[in-house]
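Peer 1: how would this look folded up:
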Amino acid sequence: ARPAGGMARAEPPVATFERRVLRSAAEHHYLRVRLELPDGGPRPSAVQFKQLVVTALRELHGEVGAALPVDVLTYEEKSLSAILRVISSGLVKLWSALTLLGSYQNRRCAFRVLQTSPFLLALSGNSRELVLD
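Peer 2: Down below sits the predicted model:
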């Protein structure tokens, strides 16, 4: 059965949906973290801060976790804040270890993860800390 014009009518194309899950192909992830300590005690040096990160990994994930390559790119002793670099596959291990660490030199402490990104440049400026004149 042909329409009046004599031409065969083409069927409309069937809509197809394709699900794509994009994972970050970045080799490293960067975390901006801050260590919160009660007032009055000594502040960790850069070496002690790195050791604290390794200790947190060891306590939660054992020796395998302690072997996770983590670099402290910057550390400010005054504000106890740092930028850490970790291989992307180790991001969850590092984040969980830092979150669950509860003491430093028999004092209560807490790590706060302020920002995380596969791009170091994204951590260079935080609009939430912007001071306008």
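Peer 1: Excluding chain neighbours, what is closest to W95?
Peer 2: Spatial nearest neighbour of W95, excluding adjacent residues (C-beta to C-beta, 6 or more residues apart in numbering): V113 at 6.0 Å. Where you see a C-beta, it was placed from the backbone N, CA and C, and this is true even at glycine.
Peer 1: Just to be sure, that neighbour is in a helix?
Peer 2: No: with DSSP: H, G, I helix; E, B strand; the rest coil as the criterion, V113 is assigned strand and is not in a helix.
Peer 1: Can you give me the pLDDT of G41?
Peer 2: Per-residue confidence (pLDDT) for G41: 80.
Peer 1: how close does the closest residue to it other than its chain neighbours get to L123?
Peer 2: Leaving aside its sequence neighbours, G41 sits nearest to R107 (C-beta to C-beta, 6+ apart; 5.5 Å). In this view, R107 and L123 are 27 Å apart by C-beta to C-beta, to the nearest Å.
Peer 1: So for the two, which residue has more residues nearby?
Peer 2: Comparing R107 with L123 by neighbour count (other C-beta atoms under 10 Å), the higher total belongs to L123, at 17 against 12.
Peer 1: what about the residue most central in space within the chain, helix or strand, and which?
Peer 2: Relative to the mean C-alpha position of the chain, the nearest C-alpha, by C-alpha atoms, centre = their mean, is the one of T116, at 3.6 Å. Assigned by DSSP states H and E, T116 falls within strand 110-117.
Peer 1: packing partners for that strand?
Peer 2: Here strand 110-117 touches strand 28-36, helix 91-100, going by 3 or more C-beta pairs under 8 Å, 6 or more residues apart in numbering; DSSP states H and E.
Peer 1: buried residues in the last one?
Peer 2: By neighbour count, with 16 or more other C-beta atoms under 10 Å as the criterion, the buried positions of helix 91-100 are L91, K93, L94, W95, A97, L98.
Peer 1: Quick check: the third one touching D71?
Peer 2: It stands for L94. No: with contact taken as C-beta atoms under 8 Å, L94 and D71 are classed as non-touching, separated by 11.0 Å.
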